[in-house]
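Q: please work out how this folds:
(one chain, ligands or ions: 1)
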Amino acid sequence: MSKFITLEGIEGVGKTSNLQFIENLLQEAGHSCVVTREPGGTELGEALRNILLHHQGEAMSADAELLMMFAARAEHLDKVILPALKAGKMVLCDRFTEATYAYQGCGRQLGEEKIAQLETWVQGDLRPNLTIVLDAPIDVGRSRAGRRSAPDRIEKEKDDFFQRVRDCYRQLAQRYPHRIALVDASLPLEQVQTQIKRVLLDYEIL
Ligand code: T5A
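A: I've put the predicted structure just below:
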């Protein structure tokens, strides 16, 4: 049966590192799996991602950022996510709408009302079956991300921005425990993966 699983967290907590691990577990359990990411996952979505993460010059307004996230998402749903779910596949996505609540809603302080309206417009009642939030203090994420590459437009934000983002993810997990699970990502990778496997079993994904 198809399921929609998303991975979330602040920069550098290990989403990319753990996507392959989850995909392998799903494949071992006999599932056909589509792995994708947001913003991105389609030709138009990747072009919007490039603008969102690398735009320079005149500052981007928070509303423009929010609307581009949802424009990319509408395309992603239409071209990739919904067709894969209809075909009975598992969809594993690096970030989805919980990132919008965390980054634009709390980080940019746009609040949740506009996002909830766009969520209903673009997604109808579709929500991920499971969202795994990799949770770690912002200095842990920053030092891991910093090892890897130069910061993009959003990664250049200050600590208070990322603290709001982290707090928002933790609140979402408290509010929707039936579909959002928090994993302690400050631990060594092997221990993070043990927790992820436990979550996949507990939420009856495996
Ligand atoms: N965005 C996105 C919004 O603002 N709104 C939205 O609606 C959406 C969808 C996208 C950006 O867009 C924003 C959020 C983001 O700013 P992204 O592609 O998701 O960006 O990229 P980042 O979050 O920047 O992800 P990163 O690739 O930087 O971080 P990851 O994937 O979380 O971390 P990863 O796996 O690359 O790991 C980083 C380093 O840490 C090591 C890894 O080996 C790697 O070197 N590592 C660990 N080291 C020790 N212990 C562990 N447990 C480790 N786990 C990983």
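Q: below-threshold pLDDT in this structure: ranges please.
A: 147-148 (pLDDT under 70).
Q: could you list the contact residues of it toward the ligand?
A: 9, 11-17, 38-39, 69, 94-95, 99-100, 103-104, 144-145, 147-148, 154-155, 185, 188-189, 192 (Cβ under 6 Å from any ligand atom). Where C-beta positions appear, they are placed from N, C-alpha and C, glycine not excepted.
Q: quick one: which of those sit in strands?
A: When DSSP state E is applied, those are split such that Asp94 fall in strands.
Q: quick one: the closest residue to Ile81 other than its chain neighbours from Val122, how far?
A: Nearest residue to Ile81 in three dimensions, chain neighbours excluded: Val91, at 5.4 Å (Cβ to Cβ, 6 or more residues apart in numbering). Distance, Val91 to Val122, using Cβ to Cβ, to the nearest Å: 16 Å.
Q: so which of those two has more stuff around it?
A: The neighbour count for Val91 versus Val122, taken as other Cβ atoms under 10 Å, is higher for Val91 (23 against 18).
Q: that one: which element?
A: In the assignment (DSSP states H and E), Val91 maps to strand 90-94.
Q: what does that strand contact?
A: 2-7, 15-16, 19, 22-23, 26, 31-38, 41, 80-81, 84-85, 128 (Cβ atoms under 8 Å, 6 or more residues apart in numbering).
Q: in helices, which of those residues appear?
A: Using DSSP state H, the subset of these located in helices is 15-16, 19, 22-23, 26, 84-85.
Q: farthest pair within these?
A: Thr16 and Leu85 (22.5 Å; Cβ to Cβ).
Q: of the two, who's got more company?
A: More neighbours surround Leu85 than the other of Thr16 and Leu85, with 19 against 12 (other Cβ under 10 Å).
Q: residues in contact with the residue nearest to that one when sequence neighbours are not counted?
A: Nearest residue to Leu85 in three dimensions, chain neighbours excluded: Ser2, at 4.5 Å (Cβ to Cβ, 6+ apart). By Cβ under 8 Å, 6+ apart, the residues touching Ser2 are 84-91.
Q: ok, of those, which one's closest to the ligand?
A: Val91 (14.5 Å; Cβ to the nearest ligand atom).
Q: what's opposite the closest one in the beta bridge?
A: Beta bridges link Val91 to Phe4, Val34 when assigned by DSSP bridges.
Q: fine by me, we can end here.
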